[in-house]
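Chemist: any chance you could fold what I've pasted below:
(one chain, ligands or ions: 1)
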Amino acid sequence: MEVLALLGSPRRLGNSELMAKEISRQIPEPHRLKLVRLPEMDIRPCRACYTCMFDEHTCPQKDDFPRILEALLRADGLILAVPVYMLAANASLKRFLDRGLSLYGRFEQLWAKPAVAVAIAGMPGMEGYTKLCLDSALRLIGAQPKGSEVVYGALPGEVLTNQDNVQTAARLAGALFGPPLDWQSEPYRCQACGGDTFRFLDSEQVRCMTCSSPGRVEVTDGRISFVVNPPEDHFFLTLEGARRHLHWLQGMKQRFLEQKKELKSICLDYLREGEWLEPRE
Ligand SMILES: Cc1cc2nc3c(=O)[nH]c(=O)nc-3n(C[C@H](O)[C@H](O)[C@H](O)COP(=O)(O)O)c2cc1C
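Modeler: I've put the predicted structure just below:
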């Protein structure tokens, strides 16, 4: 078997790399570990041209993204290990995810790949919304999440001086090829996707920030629970939903052609507004 580790840190032998390698060491199933250091890869920004939605599902950008995608397709399991920067997963993960429309054409092969994720924060409690970044990343690439954790350690290598973190690596390693996650017994999680981050829309209504399902919060005997109603055509909880979303996105081309004239006149009205700071030559 092959396990792919996507690393978000530019630091060689930094905490993300060590955690990924420690997880790999503790995976009970024999496997080969493949590694990608995302910040070193040439991953260009999505140009919002939607070319990848059609025909061969290829992106016009010529960069390392297709090689990473091939590695992902080949892998039997995935480890995502990223450092916390400014309260979020560092930008290398987002740079990769922003090319995610290219994945739609490959979901038939990509879907439900077992995956675990770990974020490393330098200061206890200062991970901000990084766990949400990890949980959504796994969903957005069509993976089957088997666990995600935040661990703490600032100096390179420091993360493994704490035995709790080694235990966390062991837990994630054991879960990767283990049974599907069971979050139904944990009412503080989203019952649709297992996410644990909610946005309060008012004092009752919430939305799961991982899968976007609407719901409400209930308090029974002093305990909080979330009752969510995932939309029937949810686009990243099932392969069928992802297929439907691809068709919806493809339909946007026709909608654009129909409304092009009207949209263009709205846009042009704003053409000469403001003064631009130009990029460096
Ligand atoms: C630009 C930058 C921003 C950071 N922001 C945070 C932060 O918001 N919260 C935090 O706990 N640690 C923060 N850190 C610390 C790193 O998360 C920490 O050192 C981690 O171990 C880095 O993992 P690595 O060794 O894999 O690079 C930041 C580090 C850098 C370089």
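
Chemist: can you show me the helices along this structure?
Modeler: With DSSP state H as the criterion, the chain has helices at 15-26, 65-74, 91-97, 107-110, 130-140, 163-176, 239-268.

Chemist: who does the third one touch, helix- and strand-wise?
Modeler: Okay, so that is helix 91-97. The contact analysis (3 or more Cβ pairs under 8 Å, 6 or more residues apart in numbering; DSSP states H and E) places helix 91-97 against strand 77-85, helix 130-140. C-betas here are computed from N, CA, C, even on glycine.

Chemist: wait, which of the ones you listed is closest to residue 238?
Modeler: With Cβ to Cβ as the measure, helix 130-140 is the member of the helices and strands packed on helix 91-97 nearest residue 238 (11.3 Å).

Chemist: now the angle from the closest one to strand 77-85?
Modeler: Helix 130-140 and strand 77-85 meet at an angle of 150 degrees, taking axes from the mean of the first three to the mean of the last three Cα atoms, to 10 degrees as the criterion.

Chemist: for helix 130-140, packing partners?
Modeler: strand 77-85, strand 88-89, helix 91-97, strand 114-121, strand 144-152.

Chemist: and that helix, how far out from the chain middle?
Modeler: Distance of helix 130-140 from the chain centroid (Cα atoms, centre = their mean, to the nearest Å) equals 4 Å.

Chemist: and that helix, C-alpha only, in CSV?
Modeler: What follows is the C-alpha trace of helix 130-140 in CSV, where atoms were taken according to Å, rounded to 0.1, in the frame of the first residue of the first chain:
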residue,chain,number,x,y,z
THR,A,130,-7.1,25.5,11.7
LYS,A,131,-9.0,22.4,12.6
LEU,A,132,-11.9,23.6,10.5
CYS,A,133,-9.4,24.2,7.6
LEU,A,134,-8.2,20.6,7.9
ASP,A,135,-11.7,19.1,8.2
SER,A,136,-13.0,21.1,5.2
ALA,A,137,-9.8,20.2,3.2
LEU,A,138,-10.5,16.5,3.7
ARG,A,139,-14.1,16.9,2.6
LEU,A,140,-13.2,19.1,-0.4
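
Chemist: ok, and what's touching it?
Modeler: By Cβ atoms under 8 Å, 6 or more residues apart in numbering, the residues outside helix 130-140 that reach it are 78, 80, 82, 84, 87-89, 93-94, 97, 100, 103, 115, 117-119, 121, 145, 148-150, 193-197, 209-211, 236-237.

Chemist: returning to that earlier point: would you reformat the helices of the chain as TSV and include mean neighbour count?
Modeler: Formatted as TSV, the helices of the chain follow (neighbours: other Cβ atoms under 10 Å):
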stretch	mean neighbour count
helix 15-26	23
helix 65-74	16
helix 91-97	20
helix 107-110	15
helix 130-140	22
helix 163-176	18
helix 239-268	12
